[in-house]
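*Asks:* Take this sequence and fold it.
(chains A and B)
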There are 2 protein chains.
Amino acid sequence: MSRADRFLNACRGLPVDTTPVWIMRQAGRYLPEYRAVRAKHSFLDVCHIPELACEVTLQPLDRLGVDAAILFSDIMIPLEGMGCEVEFNPGPVMEPIRTRAAVDALRICNPEEDVPFVLDAVRMIRRELAGKVPLIGFSGAPFTLAAYMVEGKGSKDFANFKRMMFAEPDLFHDLLTKVSDTVIAYLNAQAAAGAQALQLFDTWGGVLSPADYAHYVLPHSRRILANLDKSVPVIHFVKGSGLMLDTVKHAGGDVLGLDWHIDLGDAIDILGQDVSVQGNMDPAYLFAPAELACKTATAIVEKGKKARGHVFNLGHGIMPMADADTARAVVDAVHEAGQR
Amino acid sequence: MSRADRFLNACRGLPVDTTPVWIMRQAGRYLPEYRAVRAKHSFLDVCHIPELACEVTLQPLDRLGVDAAILFSDIMIPLEGMGCEVEFNPGPVMEPIRTRAAVDALRICNPEEDVPFVLDAVRMIRRELAGKVPLIGFSGAPFTLAAYMVEGKGSKDFANFKRMMFAEPDLFHDLLTKVSDTVIAYLNAQAAAGAQALQLFDTWGGVLSPADYAHYVLPHSRRILANLDKSVPVIHFVKGSGLMLDTVKHAGGDVLGLDWHIDLGDAIDILGQDVSVQGNMDPAYLFAPAELACKTATAIVEKGKKARGHVFNLGHGIMPMADADTARAVVDAVHEAGQR
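*Replies:* So this is what the prediction gives:
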């Protein structure tokens, strides 16, 4: 039992030597060595050039001591294979898709042809990792991707997207079906190229009421999770889903990702013993004094011990203002508390 | 029993003829007559000039058929009385307050001297209403106001504010104490001027974990609610609080405002029979076909009947894209379903 095994074992509910940890967006702007790469290359270039994606993916591993690598990419990348032109300014911006004609014009992404650089990056990272830690691939969930596609950018209220959902449900479902087909192909291609776990990120699923999530989103997420490569564990993270965990659980997945709005112990009580959990420290604790951050992380590790398996993580991506030394201290505290 | 009574009665858990309804931000951009006023006057002018605030406060009452008026103003207005210069661009922007010196320099707002135009507006609106429906006054909660003060603007993650909270807790609590003193004076002055109910808006309280909310926010909100004029009912709305309702309830208040992320029936089960509830339809339903919006509203009214008292509202402010005719249809549907 070693660093190489604990993440995958926790995902599957198998024994671990200590609680594994990785950090969402661990290859990011809080790291000086990442900022050095970005000083010379655009965000999209780092996504598009396998050597650069590989370099930044590897940066945090020894710096933080985390137990998994996650492919450096962006959730919008597979939309290139659907015929969308996405720019980053700095958030994603694209021509909004709001009509039947625009939805019908979308293609299903063929990862090997449309985004081969992602699969090349996966293969290159696996080679470089040489078994040190496993590699996680990922995709945005169809609700989140379609939200960006309909709004044409990020949004506080997703007014246009929700209008389509309520007023043109057939168009909404056709869009989510096409995006789901892309997500299935994209994730399975990453697994085939060597990703050893997959995360489905639904950043925006929590903007709906529990009843609307069950009606409008769940069928699509469930279809995706039923059609993914069964040889790799899958993490399903729906931010803001603490009040509908029983519903989200029905979508499937080996691990449910949790944000910090729910007490981890309460979440485990709701979810039971047939899934593992991932999470769930407020990312803002990485601005706190290291002692307070480590104390908070340790309490989460203790709560996580009653789960089938627990992967420690933040409840959302690490923020640019985060302190890398505090992050390292938290990783060490998790490993120490997890052994006891 | 009439339109004039049902809102206040529901707040207090007294009998009503039907479920009362008002809509957060009901005087707003979705109304052509509001846009006509704003075409001639800036947002701050409408807040600062009692005749204009009165005019737009009254606009939605007969148009929508709602059972209460809410003072037109902005949560940032009392900060003028603390020595802050706030501009709207279009969201609030101000010089960030992040140091001990900046916190110490803040004054406590004296509403009669610093923001007399708000109290003049309250008196004018009461005269114009002539008892038709009650008038609700309001204030931002200290956590939400301090969030804007520390960030200097809106934020997605409140990184600077949370950093102060975790790393400089004494400074954080001193800031919240000063803002709380302002909020107490400001709300009590509105009640003295004629506001018949008060709402404390905590738009951002839900960005914390339940444990952090209890530790960092609850003592301040509880102190405010304990020090408000007991002759008027108080609505406490913490957006995103569905996973910590038992904690929020301990802050006090006659009515707990709820967003749409929690099923209303579940919320009433958690809260019990010693408070009333307000909410909780997703504002995006006002883009839906009227039939779907009314069906959704009717289901919420039925769930609300097991509460001590239920005030129908959206789960957050009405959005600019909302359809006023759909809003009117929803109000009528609430009144019809509430009678049964």
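*Asks:* contacts for stretch A:92-107?
*Replies:* A:74, A:76, A:79, A:81-87, A:148-154, A:160, A:164, A:171, A:174-175, A:178 (C-beta atoms under 8 Å, 6 or more residues apart in numbering or on different chains). Every C-beta, even on glycine, is put in place using the N, C-alpha and C of the backbone.
*Asks:* end-to-end on it?
*Replies:* Across its full length, stretch A:92-107 reaches 20 Å between end residues, using C-alpha to C-alpha, to the nearest Å.
*Asks:* Return the distance of that stretch from the chain's centre.
*Replies:* Stretch A:92-107 has its C-alpha centroid displaced from the chain centroid by 24 Å (C-alpha atoms, centre = their mean, to the nearest Å).
*Asks:* What residues sit buried inside that stretch?
*Replies:* By neighbour count on 16 or more other C-beta atoms under 10 Å in any protein chain shown, the buried set for stretch A:92-107 is A:92-94, A:97-98, A:102-103, A:106.
*Asks:* And the helices in the stretch 51-200 of chain A?
*Replies:* Ranges of helices within the stretch 51-200 of chain A are A:100-104, A:111-114, A:116-129, A:142-151, A:159-167, A:169-193, based on DSSP state H, counting those that start in this stretch.
*Asks:* any chance of the buried residues of stretch A:92-107 in a markdown table, plus pLDDT?
*Replies:* A markdown table is the format used below for these (pLDDT from 0 to 100):
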| residue | pLDDT |
| --- | --- |
| A:Pro92 | 94 |
| A:Val93 | 95 |
| A:Met94 | 97 |
| A:Ile97 | 98 |
| A:Arg98 | 97 |
| A:Ala102 | 98 |
| A:Val103 | 98 |
| A:Leu106 | 98 |
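*Asks:* And the contacts of stretch A:92-107, which of them are buried?
*Replies:* Buried among the contacts of stretch A:92-107 (16+ other C-beta under 10 Å): A:74, A:76, A:79, A:81-82, A:84, A:86, A:148-152, A:160, A:164, A:171, A:175, A:178.
*Asks:* wait, A:His310 sits on A:Val277?
*Replies:* Yes: with contacts counted by C-beta atoms under 8 Å, A:His310 reaches A:Val277, the gap being 5.6 Å.
*Asks:* More neighbours: these two, which one.
*Replies:* Here A:His310 and A:Val277 are compared on neighbour count by other C-beta atoms under 10 Å in any protein chain shown; more neighbours surround A:His310, at 29 against 26.
*Asks:* quick one: contacts for that one?
*Replies:* Shown in contact with A:His310 (C-beta under 8 Å, 6+ apart): A:10, A:19, A:264, A:276-278, A:301, A:304.
*Asks:* Now it: closest residue in space, sequence neighbours ignored.
*Replies:* A:Gly304 (3.1 Å; C-beta to C-beta, 6 or more residues apart in numbering or on different chains).
*Asks:* residue contacts, the nearest residue to A:Leu79 once chain neighbours are set aside?
*Replies:* Excluding its sequence neighbours, the residue lying closest to A:Leu79 (C-beta to C-beta, 6+ apart) is A:Val86, at 5.7 Å. By C-beta under 8 Å, 6+ apart, the contact set of A:Val86 is A:76, A:79-80, A:92-94.
*Asks:* re earlier: looks like the residue nearest to A:His310 contacts A:Ala267 (just checking).
*Replies:* No: A:Gly304 lies out of contact with A:Ala267 (C-beta under 8 Å); the separation is 9.7 Å.
*Asks:* Need the overlap of contacts for those two.
*Replies:* Common neighbours of A:Gly304 and A:Ala267 (C-beta under 8 Å, 6+ apart) are A:Val277.
*Asks:* The two: which is more packed in?
*Replies:* Using other C-beta under 10 Å as the criterion, A:Gly304 and A:Ala267 rank with A:Gly304 on top: 26 against 23.
*Asks:* Could you measure from the residue nearest to A:His310 over to A:Ala337?
*Replies:* 9 Å (C-beta to C-beta, to the nearest Å).
*Asks:* Give the residues shared as contacts by those two.
*Replies:* Residues touching both A:Gly304 and A:Ala337 (C-beta under 8 Å, 6+ apart) are A:Thr19.
*Asks:* Might you enumerate the residues of the stretch 101-250 of chain A proximal to chain B?
*Replies:* A:157-160, A:162-163, A:165-167, A:206, A:208-212, A:240, A:242-243 (C-beta under 8 Å from any C-beta of the partner chain).
*Asks:* could you redo the last one with a cut-off of 7 Å?
*Replies:* A:157, A:159, A:162-163, A:166-167, A:209-210, A:212, A:242-243 (C-beta under 7 Å from any C-beta of the partner chain).
*Asks:* Would you mind checking these for buried ones?
*Replies:* Neighbour-count burial (16+ other C-beta under 10 Å) applied to these gives A:157, A:159, A:162-163, A:166, A:209-210, A:212, A:242-243.
*Asks:* Same list, those residues, but as TSV with distance to A:Arg29 and pLDDT please.
*Replies:* As requested, those are arranged in TSV below (distance: C-beta to C-beta, whole Å; pLDDT from 0 to 100):
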residue	distance to A:Arg29	pLDDT
A:Asp157	27	90
A:Ala159	29	94
A:Lys162	31	97
A:Arg163	34	96
A:Phe166	37	97
A:Ser209	34	97
A:Pro210	34	96
A:Asp212	34	97
A:Gly242	27	97
A:Leu243	31	97
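*Asks:* which pair in those residues spans the largest distance?
*Replies:* Using C-beta to C-beta, these span at most 26.1 Å, a distance reached by A:Arg163 and A:Gly242.
*Asks:* tell me the contacts of A:Phe72?
*Replies:* Going by C-beta atoms under 7 Å, 6 or more residues apart in numbering or on different chains, A:Phe72 touches A:27, A:46, A:53, A:56-57.
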